[in-house]
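In: Make a model of this:
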Amino acid sequence: MNKQEKGNAGEKLACSALKKKGYRIIEQNYRCRYGEIDIIARHKDFLVFIEVRSKTGASFGSPEESITSGKKQRLVSTALDYLSGHGKPDENWRFDFVAVRFQADKGKHPDVEILQNVINE
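Out: Okay, the predicted model is just below:
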């Protein structure tokens, strides 16, 4: 599985896991000049911007460790662009993170973990 296929599979697994937890997916792969947000969803009283990271193995660290401070800044700028462009500047919002860990043993199911409110701006 190449990097793009792994990313697409990870996002599909993330959407499935989020739906099971009561998230309602609004949009996927929102792009603007600041960057991209993988998934935008509604969960309870929040508009949620979700970053999905997929990994196989731990040789380069965990999926969570791959979110740099620069990436966090781009996510915040992209979220603010979405909010202003969609007339929702006063909306309650947060960032969640979905880590998808594909197992080296192809017979095992991937591990999907949802972390809420991961960026505090």
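
In: how about the residue nearest to Ile39 when sequence neighbours are not counted, secondary structure?
Out: In this structure, Ile39 finds its nearest non-sequential neighbour in Ile50, 4.0 Å apart by CB to CB, 6 or more residues apart in numbering. For the C-beta atoms, the positions are set from N, CA and C on the backbone; glycine is no exception. Three-state call for Ile50 (DSSP: H, G, I helix; E, B strand; the rest coil): strand.

In: Now do Ile50 against Asp105, distance only.
Out: Relative to Asp105, Ile50 is positioned 27 Å away (CB to CB, to the nearest Å).

In: and if you look at Ala14?
Out: Counting by CB to CB, the gap from Ala14 to Asp105 is 21 Å.

In: who's more crowded, those two?
Out: Taking neighbours as other CB atoms under 10 Å, Ala14 and Asp105 compare with Ala14 leading, 29 against 6.

In: Am I right that that one is in a strand?
Out: No. Using three-state DSSP, the assignment for Ala14 is helix, not a strand.
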